[in-house]
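Colleague: Provide a 3D model corresponding to the input given below.
(2 chains)
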2 protein chains.
Amino acid sequence: MKQSIFLLAFVFAAAWTARADDVYQAERSRWLRLAEESKPELIHSSHHPVRVVKAVEDKGAYQGWRFETDKEMTPERLATTNFRQLRRVTLDFGDHLTGYLSLSLRSLESMMDAPTRLKLFLGEVPAEMNTPLDPWADNRLARSWMQDEVVTLTLSDKAYRLDRRVSGRYLTVELMGSSSTYDFALDSITFVSETSAKPIADDGLLPTCPPIIRDIDRVGKATLRECMQTVYEDGPKRDRRLWTGDMYLESLANRYSFQNHRLTKRCLYLFAGLAREDGILHGNIFEYPTPKPQIINYMVSYNLLYVMSLLEYWRDTKDRETVLDLWPVALRQVEDALRYVRPDGIFDQSRGSSWNFFDWRPGIDVAVCIQALTIDALRGITELGQELGRSEDVKAYPARAKLMTAAARKQMMDKKSGLFMSGPDRQVSVLSQAWMIRAGVLNRKEARRALTAVLEMPESLKPGTPYATHYLIEAMLLAGMTDEAREYLTDYWGGMVQRGADTFFEAYDPTNDNLSPYNFSPVNSYCHAWSCTPIYFIHKYPEVFQR
Amino acid sequence: MKQSIFLLAFVFAAAWTARADDVYQAERSRWLRLAEESKPELIHSSHHPVRVVKAVEDKGAYQGWRFETDKEMTPERLATTNFRQLRRVTLDFGDHLTGYLSLSLRSLESMMDAPTRLKLFLGEVPAEMNTPLDPWADNRLARSWMQDEVVTLTLSDKAYRLDRRVSGRYLTVELMGSSSTYDFALDSITFVSETSAKPIADDGLLPTCPPIIRDIDRVGKATLRECMQTVYEDGPKRDRRLWTGDMYLESLANRYSFQNHRLTKRCLYLFAGLAREDGILHGNIFEYPTPKPQIINYMVSYNLLYVMSLLEYWRDTKDRETVLDLWPVALRQVEDALRYVRPDGIFDQSRGSSWNFFDWRPGIDVAVCIQALTIDALRGITELGQELGRSEDVKAYPARAKLMTAAARKQMMDKKSGLFMSGPDRQVSVLSQAWMIRAGVLNRKEARRALTAVLEMPESLKPGTPYATHYLIEAMLLAGMTDEAREYLTDYWGGMVQRGADTFFEAYDPTNDNLSPYNFSPVNSYCHAWSCTPIYFIHKYPEVFQR
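Modeller: Numbers count the residues shown, from 1 in each chain, chains lettered A, B, ... in the order given. Sure, this is the predicted structure:
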């Protein structure tokens, strides 16, 4: 069986150029089946609140709110306290958790003679739980992302389990309605967490590793653990789907932590199995009820990161069977990207309708970024093809990369400053330089000069998300700016740690606590896959970060 | 084993006068175990909406509202209609159901890319679903009795089951929040009903039975079916507990319908197993988490109806083992009631703190009623004792009944009018006459005269509930007023049928649609056990009701 799949993949790859869509159709079913076979078992564990907290408004705290330990109440005492009188409590599970919440009402003397209605509100950060949510201001994201639920319990002492999977650290319980004579306590408050990440016995850090780096590594691993479910989710509280860009960074961090490469394999097969009829991938995928793509997201930038993910999977596993099986998918994405490249070697976004995402920073121009990523992907797929013995398939790519590199330097780089400028307005952004450095378009010296300059320019566009910041750190390391990389990573992700992060945030700007891509920070994801990448840097470059 | 229990019961009954509470303690555990062994299996069946309805405000309709069939929408069409645009629908399951509701969201083209929040509101009657509930006016009953729930569904096409057991016929679904791009249909709306009443193949009615009586019988059986769960519940939507008074009437109706005598046995054992240490029963019981009484309800009137229930159970089953086992319990209740009886033969309510419930009619005085019920119970337990061969235990009771009968006639009856007058204000109520007739204190002629007079008096207090009306119908039949009984039953319960009742109401007054014991009619129970008794009359007296 394995042999025949192996052969089929060869035949298929060879036949790609003159591919028949009906052949591809058959492959998609098989790929989806392989994705299903690689679906990980989830690991469950039970958690109970570790303390009762009170919300304190505090300008010095992240987003203006913090929780402090309630000196008069403990989880143990709560279990014997009449909640009809207490009416409201906020509990801290001590860690960010993803899974299912349950509790029961324990009768104190009197009987439960009417249903009891409770509001349960689970959240990731203190401000989220203390900001009025209604009226809901922003229609872009659904109000129902917020994890506040009103539930009616009709039987006392029977465990009630909230049907909805939730994610967060803090739980507020509020009494909304009950019999005026029913005395009861909140009992057996339990959070059964889920993840496909197996616990790691050893943190893998050197004894010399500074405490702040240890903290960043710990929080990064917690972030990745929470996002590792039956796919690499982007955010377990909000969004809850598989995106190529997140998968790419998660798989890099996974290498240095949980090493669940089977999950990466599943995700690679899911994208392949859900490709369009012409073989082009979609940018994101939902698993339920059956895996399906969100067809509105056609993203060349993410499709090229699929290629890079396959390369990294090869590096991690040397799983030739899988990588050869998916080889035509990778080739197809590169071919599609090259459709956009003009004869003069410039990626022309106007040739199609791709959404080329690189950052949430408003106003960012990504012409330089997508040019660089295409060059990088050409280099990556060439390397992969050669290692797989498929040199014939990639033989044209080095010349294409060379042409695009020369075109980038000629048409996009400002000769005087050595900076890449993007789009008709010649926008100067940190990210443009970072991606060009990653693509090898600048040599080490040029890279150092460009990065140093762009970071110092007050008017340059800085990265707006941990996602974009990943590529900046990577560029610094490629440029040999190890001190700067360490300092930036420590400042940026360490800043989140200092602000109380249990997991790393989707969006973070040290100068603006309420930054939100959706104009309302409570709906931000505070545990977001693309922010977990310090794990990758800390362990890949121990000499930079751990000494 | 059976022999030894049998013997033990004898020994125990004989030792009652000098009873030791620790012996009784052991009996209680055994009785609870027997109650558990008699717990019926619930029968489940699946139901789907039969039509889509629209609410119409109509002064001619019961409580001012009715539902009419939506001509533009059907349940079939709903399953393919975009609910993001429809936003609100009311469905009719065609029958009153008790159990669990489930539904799923079926994606139409687009993906479910955010949680979907729905309000589900299940109700028994149209007005309940069209009356504003908030702000909740009455604190006596909990707001949470109302069956409106907001739920958040995070996975499309996955069946969502409302955790709470609900009861009713109509379901309104309203969209509270979702992605602005997610098109979906409501799918697989299912109500899995529960009851311990097995379906009856034959309605048992004569071919001559008039249509209105057939309807009353059908609605009565639906009422009883809904209330027959793992105990005789009083109301499956609101209250949901076992009361002695309801059990008594349900067991009478059960004889002529579902004949589930094992359920009666379970309830008799539950009350016995949960008695106070001194053997006195509580008026009502909850099953969850473990059976417990609501200790605030000490009710001599209901405890005497326990005695009458045991007598009726004996008549139904001749189950000597059970009845002898519970014999000391019955004796104990009669002994307790006699504590209230003065040497002159009058039941003096001031001798204890019993709540002697006979009707929700405000201002009703029950001195005559409890006097009559005690006489009746003395007669009943004497009959039962003689049949069981326990004549010795009851030998003093005929004389006590005779004394109380004479005292009632002397001190409570108005010589001139032949009417019983209750309490210091000498209140004239229909119920006082009815209970005295049931107790055999009036002969047939006197009974007829008293009932006719009291019903004609504009100022006399009329029954306020179907519960009280049961005893009036019974009294009419005892008085030989068969035409009047048929007419009254047809008018009263038939009036509910004509007002659209699927099941009979807890409270009903033909002249006041919004009558409520709780000052807010939506919280009334519209399927209430004590209203099912036309079944009993129709089948016990076919010559009166079916010709």
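Colleague: residues near the residue nearest to residue A:545 when sequence neighbours are not counted, how many?
Modeller: Distances taken as Cβ to Cβ, 6 or more residues apart in numbering or on different chains put residue A:538 closest to residue A:545, at 4.5 Å, once the chain neighbours are dropped. (C-beta placed from N, C-alpha, C; glycine too.) Neighbours of residue A:538 under the rule other Cβ atoms under 10 Å in any protein chain shown: 26.
Colleague: from chain B, how far off is residue A:502?
Modeller: 22 Å (Cβ to the nearest Cβ, to the nearest Å).
Colleague: touching, that residue and residue A:96? I think so.
Modeller: Yes - checked against Cβ atoms under 8 Å, the pair residue A:502 and residue A:96 is within contact range at 4.3 Å.
Colleague: domain-wise, how is chain A divided?
Modeller: Chain A resolves into domains spanning A:43-195, A:211-545 when parsed by automatic domain parsing.
Colleague: picking that back up, which helix or strand contains the residue nearest to residue A:545?
Modeller: Element membership of residue A:538 [criterion: DSSP states H and E] is helix A:534-540.
Colleague: do residue A:134 as well
Modeller: Using DSSP H and E, residue A:134 is not contained in any helix or strand.
Colleague: phi first, then psi, for it.
Modeller: Dihedral angles of residue A:134 (phi, psi; degrees, to the nearest 10) stand at phi -120, psi 150.
Colleague: which residues touch it?
Modeller: residue A:143 (Cβ atoms under 8 Å, 6 or more residues apart in numbering or on different chains).
Colleague: if you set the cut-off to 10 Å instead, what comes out?
Modeller: Residue A:134 is in contact with A:143, A:146, A:148, counting by Cβ atoms under 10 Å, 6 or more residues apart in numbering or on different chains.
Colleague: kindly report the same for residue A:259.
Modeller: By Cβ under 10 Å, 6+ apart, the contact set of residue A:259 is A:197, A:198, A:200, A:316, A:317.
Colleague: 7 Å instead?
Modeller: Residue A:259 makes no contacts at all, as judged by Cβ atoms under 7 Å, 6 or more residues apart in numbering or on different chains.
Colleague: quick revisit: please identify the most buried of the domains of chain A.
Modeller: Among the domains of chain A, the stretch with the highest mean neighbour count (mean count of other Cβ atoms under 10 Å in any protein chain shown) is domain A:211-545, at a mean of 21.
Colleague: now the end-to-end length of that one.
Modeller: Separation of the first and last residues of domain A:211-545 by Cα to Cα, to the nearest Å is 11 Å.
Colleague: give me the distance from it to the chain's centre.
Modeller: How far domain A:211-545 lies from its chain's middle: 11 Å, per Cα atoms, centre = their mean, to the nearest Å.
Colleague: now swap in stretch A:106-124 and tell me
Modeller: With Cα atoms, centre = their mean, you get 36 Å for stretch A:106-124.
Colleague: tell me the SS of the closest residue to chain B within the stretch 351-500 of chain A?
Modeller: Residue nearest to chain B within the stretch 351-500 of chain A: residue A:355 (15.0 Å; Cβ to the nearest Cβ). On the three-state scheme (DSSP: H, G, I helix; E, B strand; the rest coil), residue A:355 is labelled coil.
Colleague: low-confidence ranges, the stretch 1-150 of chain A, go.
Modeller: A:1-24, A:138-139 (pLDDT under 70).
Colleague: and if we set it to 50?
Modeller: In the predicted model, the stretch 1-150 of chain A carries pLDDT under 50 at residues A:1-3, A:6-18, A:20.
Colleague: and it, which of its residues are near chain B?
Modeller: For the stretch 1-150 of chain A, the contact set with chain B under Cβ under 7 Å from any Cβ of the partner chain comprises A:111, A:113-117, A:139, A:141-145, A:149-150.
Colleague: now those in CSV, please, with extra columns for secondary structure.
Modeller: Below are those laid out as CSV (three-state DSSP):
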residue, secondary structure
A:111, coil
A:113, coil
A:114, coil
A:115, coil
A:116, strand
A:117, strand
A:139, coil
A:141, coil
A:142, coil
A:143, helix
A:144, helix
A:145, helix
A:149, strand
A:150, strand
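Colleague: pick out the most distant pair among the residues you listed.
Modeller: The span of the residues of the stretch 1-150 of chain A next to chain B, defined through Cβ to Cβ, is set by A:111 and A:139 at 45.2 Å.
Colleague: do a quick rundown of the strands in the stretch 151-300 of chain A.
Modeller: For the stretch 151-300 of chain A, applying DSSP state E, counting those that start in this stretch gives strands covering A:160-161, A:166-177, A:184-195, A:242-243, A:284-286, A:292-293.
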